[in-house]
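1. Turn this into a structure:
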Amino acid sequence: MVSLLKSLETQVKKRLPRVFRHLQEQEVQVAMPFTPFLMTIFSCSTPHAMAIRVMDMFLVEGEHVLFILLLRMLALKEGHVLELQGEVRPRQRLYAYLRQKLVWECFDEFSMQLLLTPLSQPSDDRELSTISF
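-> Next up, the predicted model:
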């Protein structure tokens, strides 16, 4: 699990540098809000129908599906994530958003096809499918 979480941090840093810097500035470790989703393969705190689809994709495609989902969700909601700052408790609001609302909003607003579209060129996504856990 530790290597999975480190890989997630590396991917966010590489593919979403503004989000990564913002999380660092707000003292939120990348892995903290997403650990429950990775440990339960998105079955905790997600709509039942989406949890089943994610599990199906996970069983067919492997772990990289989880990374693709989280990275795409962060990319789609990057503007909102970056706005969560400068308030009385920005760290807590940011963490709560990432842990409780991000996934629900993305499953509600976007198609599964869009959410499973990798952020980079297909040749770069081989790196996601070869991550060692």
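2. got any ranges where this structure has weak pLDDT?
-> 86-90, 120-133 (pLDDT under 70).
3. quick one: the helices in it?
-> Per DSSP state H, the chain carries helices over the ranges 2-15, 17-25, 31-39, 48-61, 64-76, 78-83, 90-96, 102-109, 112-115, 126-129.
4. Next, the buried residues of the fourth one.
-> It stands for helix 48-61. Taking 16 or more other C-beta atoms under 10 Å as the basis for neighbour counts, the residues of helix 48-61 that come out buried are 50-51, 53-54, 57-58. Using the backbone N, CA and C atoms, a C-beta is placed for each residue, glycine as well.
5. now do the third one
-> For helix 31-39, a neighbour-count test (16+ other C-beta under 10 Å) marks 31, 33-35, 37-38 as buried.
6. and what of the second one?
-> When neighbours are counted by 16+ other C-beta under 10 Å, the buried residues of helix 17-25 are found to be 19-20, 22-23.
7. What angle do helix 31-39 and that helix make with each other?
-> Using axes from the mean of the first three to the mean of the last three C-alpha atoms, to 10 degrees, the interaxial angle of helix 17-25 with respect to helix 31-39 works out to 120 degrees.
8. What is helix 17-25 packed up against?
-> Where contact means 3 or more C-beta pairs under 8 Å, 6 or more residues apart in numbering; DSSP states H and E, helix 17-25 is packed against helix 2-15, helix 78-83.
9. change it to 10 Å
-> In terms of contacts (3 or more C-beta pairs under 10 Å, 6 or more residues apart in numbering; DSSP states H and E), helix 17-25 is packed against helix 2-15, helix 64-76, helix 78-83, helix 90-96.
10. Which one of those lies nearest to Val103?
-> Checking the helices and strands packed on helix 17-25 against Val103 by C-beta to C-beta gives helix 64-76 as the closest, at 6.4 Å.
11. With only the CA atoms kept, save the closest one in PDB.
-> Output of helix 64-76 as PDB, limited to C-alpha atoms (Å, rounded to 0.1, in the frame of the first residue of the first chain):
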ATOM      1  CA  HIS A  64      -3.800   1.700 -13.000                       C
ATOM      2  CA  VAL A  65      -7.600   2.300 -13.400                       C
ATOM      3  CA  LEU A  66      -7.600   3.800  -9.900                       C
ATOM      4  CA  PHE A  67      -4.800   6.200 -10.800                       C
ATOM      5  CA  ILE A  68      -6.500   7.300 -14.000                       C
ATOM      6  CA  LEU A  69      -9.700   8.000 -12.100                       C
ATOM      7  CA  LEU A  70      -8.100  10.000  -9.400                       C
ATOM      8  CA  LEU A  71      -5.900  12.000 -11.700                       C
ATOM      9  CA  ARG A  72      -8.700  12.700 -14.100                       C
ATOM     10  CA  MET A  73     -11.000  13.800 -11.200                       C
ATOM     11  CA  LEU A  74      -8.300  16.100  -9.900                       C
ATOM     12  CA  ALA A  75      -7.700  17.500 -13.400                       C
ATOM     13  CA  LEU A  76     -11.400  18.100 -14.000                       C
END
